[in-house]
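# got a sequence here, can you build the structure:
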Amino acid sequence: MIWLAWRQFRTQALVAALIVAAAAVYLLITGTQLRHAYTADLVSCQSPNAQYSCFGLMNQLQSDYSGPQYLAEFLVMAAPALIGIFWGAPMIAGELERGTHYMAWNQSVTRTRWLAVKLTGTALAALITAGLLSLLLTWWASPLDTVAGNRWGTRVFNARDITPLGYALFAFALGVTLGLLIRRTVPAMAATLAIFLAVQVLVTVVVRPNLLPATTASVPVNRTSMSQAVRFDRADADTGPVRIDLPTPSGSWALSQSYALTSDGRPVQTARVLNCWRLLLSQAGEGKQGSPDFGPLGACLAPLDLHVDLTYQPVGRYWPMQWIETGLYAVLAALLAAACFRRMRRLRG
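Okay, the predicted model is just below:
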């Protein structure tokens, strides 16, 4: 039975091996070059006679490798969907369409054992494929991720470390289940892609931010906090709210941020901050180049006793959330596999 399963799967396995091998060669070569460039830029910008800032050099490094990074991330993120479409959906649907299930299920091997061998072998191949691609990309992109300082972005979180393994398991089990239910390969492939993408979006947008309780903090508006602000937006109307974008702790995942609030928790009106804003403009000059320093504005606003409420996931939650999300997809895959066995026992012809 194992030999037969391998014979039926060997073409897909060979294609996957070639893709992984090509990706490995490309990522190992360019990854080595990226590391040399990163180290050289770091040494150059930290030297006493540095002509360029580290910020500018690292931004240029990210720009130089953005194309290969997007390509590699797309490959890793697409791999689970392709596994579900081309490995999962045709596995049983193809047998039912061709009628070869009659021969397979009337031998000495029971249909339950037949399904168990095919599911186990192909699921293991899916895990190995997704794991190798994720490992290669995680190693390759580590200098760029260090520069960016953010591992919570959708492309980064979904294409690094262990989550691609959970996605691959789920996509494969989903394809097998839909192939068994629909009994036609092409419709099952289309349904697999549509449902997998829908689940990915739902988990990324709705489930992931709530996997663990978020941390909240109330940051007072003063010279110290405003010197770190990245944006200050006042409304056109005098009664409109004021938005101040303050950074969350380094490496954390910012979920939400309130308007500038008064001591009683109400959004401060634009009219109350206009004098401080005009004072800042008169001191710095409206035509000043570069990013503004909002520190003096914060000192002027301090007597108003304003604050901003931040909601975020601390940097230490990254790995727990990776494990929880991977486990969630693995549980969904196990439930789909159980449904396949249940359906298989009741299936006629």
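# in the protein, which spans are strands?
215-220, 231-234, 242-245, 253-257, 307-313 (DSSP state E).
# JSON lines for those strands, including mean pLDDT?
Output for the strands of the chain, formatted as JSON lines (pLDDT from 0 to 100):
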{"stretch": "strand 215-220", "mean pLDDT": "94"}
{"stretch": "strand 231-234", "mean pLDDT": "84"}
{"stretch": "strand 242-245", "mean pLDDT": "91"}
{"stretch": "strand 253-257", "mean pLDDT": "93"}
{"stretch": "strand 307-313", "mean pLDDT": "95"}
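# got these as TSV, with distance to G94 columns?
C-beta coordinates here come from the backbone N, C-alpha and C atoms, glycine included. As requested, the strands of the chain are exported to TSV (distance: least, C-beta to C-beta, whole Å):
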stretch	distance to G94
strand 215-220	49
strand 231-234	55
strand 242-245	53
strand 253-257	42
strand 307-313	43
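# so which of those strands is nearest M321?
Taking C-beta to C-beta, strand 307-313 is the member of the strands of the chain nearest to M321, at 7.2 Å.
# now do that closest one: distance to the chain's middle.
Put simply, strand 307-313 sits 22 Å off its chain's centre (C-alpha atoms, centre = their mean, to the nearest Å).
# buried ones in that strand?
307-308, 310-313 (16 or more other C-beta atoms under 10 Å).
# quick one, domains of this structure?
For the chain, the structural domains run 2-212+317-346, 222-305, going by automatic domain parsing.
# make a markdown table out of those and add mean neighbour count.
Output for the domains of the chain, formatted as a markdown table (neighbours: other C-beta atoms under 10 Å):
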| stretch | mean neighbour count |
| --- | --- |
| domain 2-212+317-346 | 17 |
| domain 222-305 | 15 |
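# what's the closest non-adjacent residue to A299?
Distances taken as C-beta to C-beta, 6 or more residues apart in numbering put R223 closest to A299, at 4.1 Å, once the chain neighbours are dropped.
# go on, A260?
Closest to A260 by C-beta to C-beta, 6+ apart is V242, at 4.4 Å.
# how near is the one you found to W277?
Relative to W277, V242 is positioned 9 Å away (C-beta to C-beta, to the nearest Å).
# and L71, by the same measure?
Using C-beta to C-beta, we find L71 at a distance of 44 Å from W277.
# report the contact partners of the residue lying closest to L180 once chain neighbours are set aside.
Closest residue to L180 apart from its sequence neighbours, by C-beta to C-beta, 6+ apart: I92 at 4.7 Å. I92 is in contact with 101, 115, 176, 179-180, 340, counting by C-beta atoms under 8 Å, 6 or more residues apart in numbering.
# in helices, which of the residues you listed fall?
101, 115, 176, 179-180, 340 (DSSP state H).
# which helices and strands sit right next to the longest helix belonging to the chain?
Criterion DSSP H: the longest helix present in the chain is helix 2-46. Applying 3 or more C-beta pairs under 8 Å, 6 or more residues apart in numbering; DSSP states H and E, we find helix 2-46 packed against helix 54-64, helix 66-83, helix 111-148.
# could you dump those helices into CSV with mean pLDDT added?
Shown next, in CSV, are those (pLDDT from 0 to 100):
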stretch, mean pLDDT
helix 54-64, 85
helix 66-83, 95
helix 111-148, 92
